[in-house]
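Asker: Structure, please.
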Amino acid sequence: MNEGNWDTSTLRERAAERAIERAVFGGELGRRAFLTAVGATTAAAALASVFPMAAAKAIAQDRPGPPEKRDLKIGFIPITCATPIIMAEPMGFYRRQGLNVQVLKASSWAMIRDISINGETDATHMLSPMPLAITLGVGSQSVPYVMPAVENINGQAITLATKHKGIKTAADMKGFKFGVPFDYSMHNFLLRYFLAEGGVDPDRDVQIRAVPPPEMVANLRANNLDGYLAPDPFNQRAVFEEVGFIFMLSKDIWPGHPCCAFAARRELMDKMPNTFQATLNAILDATQYAHDQAHRKEIAAVLAPKNFLNQPVEVVEQVLTGVFPDGLGNTRTVPDRIDFDPFPYHSMAIWILTQMKRWGYLKADVSYRKVAEEVFLATGTARSMRALGQKPPEAPSVKHAFAVGKTRVFDPDKPDDYLKSFTIRRT
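Answerer: Numbering: from 1, shown residues only. Purely as a prediction, here's the structure:
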């Protein structure tokens with residue numbers, strides 16, 4: 001099933017068609033009897049001759065019904081990557097869409113995954129590889145998920161313990177113990193990419209283990225880790241606590257890479273398309289607001305309190321504004337240290353799938369493009385963005401350039417060639 005078969009616009013069109021058929025043929029039983037007698041094609045032609053179907057569909061698109069469910073729970077991990085999801089509650093973006101949303105803090109990505117799969121949340125903050133992995137049944141039971149919006153781009157860093165201030169290259173990190181938030185994370189795949197481009201085998205020359213983001217600074221302080229590739233604010237918090245320094249921003253590995261995402265079980269979209277659309281609209285509006293640098297200090301003050309990030313305001317400000325001390329005595333100005341662009345390119349998903357394959361997480365052969373189109377809702381999201389007055393990219397898939405190691409451009413039309421170009425890989 002590709003994206004065009006189940007985006008919310010198509011669902012609304014089908015709902016309009018069924019409503020008209022029931023009205024003309026005297027209810028559901030009459031509708032079914034007529035379809036059985038003459039066939040769907042003849043029935044559609046007959047209806048079109050006496051009823052303006054195109055106009056009815058247009059009305060359905062322009063005037064979606066009220067949310068089928070207004071009271072929602074959305075899970076999040078307390079990191080700046082969740083900015084649009086979190087801020088949309090206290091700043092009223094959900095309310096403007098007719099929703100009453102409670103955002104629920106979780107302590108780990110395994111918890112986020114499990115409570116979402118179990119239906120304890122209606123939608124959720126996820127690492128962008130997670131909806132792909134869960135849909136494929138990699139690392140968990142297989143449950144169909146959709147990802148209509150990227151929460152943030154960039155927004156990660158490699159942070160090392162202060163005792164390693166002399167480190168200059170990946171080769172200097174052989175023997176290190178690294179933390180990443182989750183196996184199925186951009187953090188894991190970007191760290192592996194960086195190390196391998198420097199000639200370091202991430203499975204043989206270093207140790208990489210999953211550590212919940214809120215526990216990373218404590219593990220650095222206790223010498224349980226030499227470093228981590230983590231979401232903020234925990235890179236900046238290590239500098240604030242004087243236990244670590246920012247070695248490299250993730251944008252210096254892949255400029256504009258996706259990080260976290262807004263995701264939901266596919267059944268939310270299928271069974272409650274108006275609720276799904278309203279929630280997505282709130283996220284898209286909040287993401288556009290967060291993209292504007294002029295709003296970053298205001299947002300930092302909203303996110304910092306205990307019920308959300310539980311961080312000093314100055315730490316959150318340093319992350320969101322991109323003006324920050326790096327722990328090496330420098331104050332850096334990097335406005336796009338983190339940014340907010342919701343478009344879920346299919347090509348991003350294809351790259352993630354190639355890395356899952358590269359490192360042995362994905363054992364079976366899959367159609368990268370088919371999975372990407374089923375999970376990353378580029379076409380439907382573009383339609384939603386235009387309806388909100390936003391400007392989506394022209395194409396759902398693009399080439400991506402990487403900034404470390406050998407010059408590589410990822411062509412989503414040639415994923416197998418890309419995968420074979422790496423000398424360090426498991427498959």
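Asker: next one: phi and psi at the residue nearest the centre of the chain?
Answerer: Here the mean C-alpha position of the chain is nearest to the C-alpha of residue 261 (CA atoms, centre = their mean), at a distance of 1.8 Å. Main-chain torsions, residue 261, degrees, to the nearest 10: phi -150, psi 160.
Asker: wait, isn't it in contact with residue 126?
Answerer: Yes: the criterion here is CB atoms under 8 Å, and residue 261 meets it with residue 126 at 5.2 Å. Where you see a C-beta, it was placed from the backbone N, CA and C, and this is true even at glycine.
Asker: any residues in contact with both of the two?
Answerer: residue 147 (CB atoms under 8 Å, 6 or more residues apart in numbering).
Asker: Wait, residue 224 touches residue 176, no?
Answerer: No: Residue 224 lies out of contact with residue 176 (CB under 8 Å); the separation is 11.9 Å.
Asker: The two - which one has more neighbours?
Answerer: residue 176 (20 against 14; other CB atoms under 10 Å).
Asker: give the contact list for the more buried one.
Answerer: Residues near residue 176 by CB under 8 Å, 6+ apart: 206-207, 226-227.
Asker: among those residues, which two are most distant?
Answerer: Greatest spatial distance among the contacts of residue 176 (CB to CB): 207 and 227, at 11.2 Å.
Asker: any residues in contact with both of the two?
Answerer: When contacts are counted by CB under 8 Å, 6+ apart, residue 207 and residue 227 are jointly contacted by 176, 178.
Asker: quick one: which of those two has more around it?
Answerer: Shown here are residue 207 and residue 227; by other CB under 10 Å, residue 227 has more neighbours (25 against 14).
Asker: how close does that one get to residue 157?
Answerer: Distance of residue 227 to residue 157, computed by CB to CB, to the nearest Å: 10 Å.
Asker: what is in contact with these two at once?
Answerer: Common neighbours of residue 227 and residue 157 (CB under 8 Å, 6+ apart) are residue 247.
Asker: got any ranges where this protein has weak pLDDT?
Answerer: Residue ranges of the chain with pLDDT under 70: 1-64.
Asker: related to what we said a few turns ago, list the single closest residue to the residue nearest to the centre of the chain in space, sequence neighbours excluded.
Answerer: Nearest non-adjacent residue to residue 261, counting by CB to CB, 6 or more residues apart in numbering: residue 128, 4.3 Å away.
Asker: returning to what we had before: now the contacts of residue 176 as a markdown table including secondary structure and distance to residue 311?
Answerer: Below are those laid out as a markdown table (DSSP: H, G, I helix; E, B strand; the rest coil; distance: CB to CB, whole Å):
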| residue | secondary structure | distance to residue 311 |
| --- | --- | --- |
| 206 | coil | 28 |
| 207 | strand | 28 |
| 226 | coil | 23 |
| 227 | strand | 20 |
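Asker: on that earlier part again, what sits against the residue nearest to the centre of the chain?
Answerer: If you count contacts by CB under 8 Å, 6+ apart, residue 261 has them with 125-128, 130-131, 147, 149-151, 344.
Asker: One more pass at 7 Å, please.
Answerer: Going by CB atoms under 7 Å, 6 or more residues apart in numbering, residue 261 touches 126, 128, 131, 147, 149-151.
Asker: That one bridge partners, please.
Answerer: Here residue 261 sits in beta bridges with residue 126, residue 150, going by DSSP bridges.
Asker: Looks like residue 392 contacts residue 383 (just checking).
Answerer: No: assessed by CB atoms under 7 Å, residue 392 is found out of contact with residue 383, at 8.2 Å.
Asker: Give me the neighbour count for residue 128.
Answerer: The burial count for residue 128: 29, using other CB under 10 Å.
Asker: Give me the distance between it and residue 361.
Answerer: In this structure, residue 128 and residue 361 are 14 Å apart, going by CB to CB.
Asker: Would you map the helices across the stretch 1-150 of the chain?
Answerer: In the stretch 1-150 of the chain, the helices defined using DSSP state H, counting those that start in this stretch lie at 8-25, 28-38, 40-50, 53-62, 83-87, 93-96, 109-117, 130-136.
Asker: just to revisit the earlier point, for the residue nearest to residue 261, give me phi and psi.
Answerer: According to degrees, to the nearest 10, residue 128 has phi -60, psi -30.
Asker: again, but for the one 10 residues further on
Answerer: When read as degrees, to the nearest 10, the backbone of residue 138 gives phi -100, psi 110.
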